[in-house]
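A.B. asks: sequence below, structure please.
(2 chains)
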Amino acid sequence: MLGGSVLLAACVLPFVADPYVLEVATMALLYIVLCLGLNVVVGYAGLLDLGYAAFFAVGAYTTGILTSQFDWSFWATLPVAAVAAAVAGVVIGMPTLRLRSDYLAIVTLGFGEIIRLIARNLTITGGASGLYGIERPVLFGIRLDRNIDFYFMFLILVVLVIYVSDSLSHSRIGRAWLYVRFDEDAAAGIGINRVAVKLYAYIVGAVIASLAGTIFAVKMTAVSPESFTFSQSLAILLGVVLGGMGKIPGVILGAIAMTLLPELMRDAGIYRPLVTAVGLLVLMLFRPQGLWPDGRA
Amino acid sequence: MTILEVKQVSLRIGGLSVLTDVSFSLNKGAIHSLIGPNGAGKTSLFNCITGFYRPTAGAIRLDGTSLARVTPHRVVRLGLARTFQNIRLFKEMTVLENVMAGCHCRSEGSIVSALLRTRAHRREEESIREISRRWLDFVGLRAKEQRRAGDLPYGDRRRVEWARALASEPKLLMLDEPAAGLTHTEKAELIELLRRIRGQGTTILLIEHDMPLIMQVSDHVVVMDHGQKIADGEPAAVRRNPQVIEAYLGVEE
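C.D. replies: Below you'll find the model as predicted:
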């Protein structure tokens, strides 16, 4: 019921909102996708990932390169971006999944920076200035180039990702993520292949971020390495932690908060990061489990 | 019929000889106990059998299949379940969810079938619940299936762990000090439960310190001391073995 009403409101919003609100709302949807994707990795499987923006970059650059340099249609790049992200997930996953929390966090941090630096230095990715002139998607002969088009593309992706998160969290694999998160050795001792289970979490999370990246690329028509910095990864992680790890409505709330807070504090000027930091500290002191946490976390 | 064969197993950790040339075999459908003073190497041997440690030498076979180089989760799938000395439950999850973990290695639902919500997937989920509830009935915890595992009293937490291990349909069930910390009544219930498990054809290997319990319930006892097997046989015979008495009571100078 609540979900239906929220979805209805989200569908009506772009028709009543001014361009500024529409832009902020679109960014909120992007963050919701990214936070829900990272939630699979951090919230469900309990793997601290500090380089999640790398998978977002893989999607954005895959679509950017294929449309701007090889004249692919946007839609054809989607499966390629998903596969590329899954491969990236395995590449980062295989050597690191035997590591435990702190070490894993450091390796993922490094991986995030490596992807950004590769993008910055290759010719095919446009170097430091990035790619521009990315072709807009065409659907049934209509060129999708209005802000409202991208709003709805992100909204569809949000609904899809909620469905995926919800289905998986109530499945055998979703339970296995929780078992591994709560006690890895006990999970192995009862017959759960911890390496495979963690790898699945990485792959699912990577594909979700990558799909967000593809839409981001065609919305902006340009991608540059500076969109995929460590602070981007951190912002996504903050959204997940802020909202309440492991619970879908909580994570959505966290993502919205991470989008709105900077906008609401424009008046604070150069003090904005300071105010944000203090706000987050206060929240973590008084509500460490997040805004709307999963009952068991 | 032999279910588990341990053959000349040695384990060295650093310069230390933890296990030396340990050999014994366990018959199918019986209750076996592994005893010995503290530091005798019982838990190390347990960890070798369950794949958590890799023996330096020797062979371990479960129902004819070698367990060398088999990872812990594969060992469970081959039919060997274990419990931990210091109960390892998923405390934040419900009792039912804990037991469902045991079904994981006997089910195969994939990410794709979960996303498509196929009928086979729903049916499997249904059957996992059903099997788990049956084991909760078996250990007498069905009424508490929705409780958070970490909130249960100690004796009940042990039962959850047994139900979880049983849900993996083991041929051999290995319990590490199951009677530790149990009350007198709970111990009596444990004995009754062990007999019921044996009754359905599952072999049991206990590591225990509680001598009266061992003597009452075991069909066969293996005694270890200083990383070596010193005796092996029926409880009454083992109790009279001078080497065993020496290991437990020391020897007069």
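
A.B. asks: grab the nearest non-local neighbour of residue B:94.
C.D. replies: Spatial nearest neighbour of residue B:94, excluding adjacent residues (Cβ to Cβ, 6 or more residues apart in numbering or on different chains): residue B:146 at 5.5 Å. Backbone N, C-alpha and C define where each C-beta goes, glycine included.

A.B. asks: which SS class is that neighbour?
C.D. replies: coil (DSSP: H, G, I helix; E, B strand; the rest coil).

A.B. asks: neighbours around it, how many?
C.D. replies: 9 (other Cβ atoms under 10 Å in any protein chain shown).

A.B. asks: do the same with residue A:14
C.D. replies: 18.

A.B. asks: which helices and strands sit right next to the helix or strand containing it?
C.D. replies: Assessed by DSSP states H and E, residue A:14 sits inside helix A:2-16. Helix A:2-16 sits against helix A:19-39, helix A:147-169, with contacts defined as 3 or more Cβ pairs under 8 Å, 6 or more residues apart in numbering or on different chains; DSSP states H and E.

A.B. asks: anything in the shortest one near chain B?
C.D. replies: Put plainly, it is helix A:19-39. No - on the criterion Cβ under 8 Å from any Cβ of the partner chain, helix A:19-39 is out of touch with chain B, staying 14.4 Å away.

A.B. asks: just want the angle from that helix to helix A:2-16.
C.D. replies: Going by axes from the mean of the first three to the mean of the last three Cα atoms, to 10 degrees, helix A:19-39 is angled at 150 degrees with respect to helix A:2-16.

A.B. asks: could you do the longest one as well?
C.D. replies: Counting by the same axes, to 10 degrees, helix A:147-169 points 170 degrees away from the direction of helix A:2-16.

A.B. asks: do helix A:147-169 and chain B meet at all?
C.D. replies: Yes - contact of helix A:147-169 with chain B (Cβ under 8 Å from any Cβ) involves A:164, A:167, A:168.

A.B. asks: chain neighbours aside, what residue packs nearest to residue A:268?
C.D. replies: In space, residue A:268 is closest to residue A:275, 5.0 Å off (Cβ to Cβ, 6+ apart).

A.B. asks: swap in residue A:250?
C.D. replies: Residue A:250 sits nearest to residue A:244 (Cβ to Cβ, 6+ apart), 3.1 Å away.

A.B. asks: residue numbers of the stretch 151-253 of chain B in contact with chain A?
C.D. replies: B:164, B:165, B:168.

A.B. asks: what about the residue in the stretch 151-253 of chain B that chain A sits nearest to, which SS state?
C.D. replies: Residue nearest to chain A within the stretch 151-253 of chain B (Cβ to the nearest Cβ): residue B:168, separated by 5.4 Å. Following three-state DSSP, the label given to residue B:168 is coil.

A.B. asks: with the one 10 residues further on instead?
C.D. replies: For residue B:178, the secondary structure call by three-state DSSP comes out as coil.

A.B. asks: per-residue pLDDT, residue 137?
C.D. replies: Chain wasn't specified; assuming chain A. Note on residue A:137: pLDDT of 81.

A.B. asks: you looked at the wrong chain, it should be chain B
C.D. replies: 94.

A.B. asks: can you list the buried residues in the host helix or strand of it?
C.D. replies: Under the criterion of DSSP H and E, residue B:137 resides in helix B:119-139. By 16 or more other Cβ atoms under 10 Å in any protein chain shown, the buried positions in helix B:119-139 come out as B:121, B:124, B:125, B:128, B:131, B:132, B:133, B:135, B:136, B:138, B:139.

A.B. asks: before we move on, the earlier item: among the helices and strands packed on helix A:2-16, which is nearest residue B:96?
C.D. replies: Closest approach to residue B:96 among those (Cβ to Cβ): helix A:147-169, 15.7 Å.

A.B. asks: list the contacts of the closest one.
C.D. replies: Taking contacts as Cβ atoms under 8 Å, 6 or more residues apart in numbering or on different chains, the residues outside helix A:147-169 that touch it are A:7, A:10-11, A:14, A:19, A:22-23, A:25-26, A:29-30, A:32-33, A:36-37, A:39-40, A:44, A:137, A:144, A:174, A:204, A:208, A:211-212, A:215, A:218-219, A:248, A:252, B:111, B:114-115, B:117.
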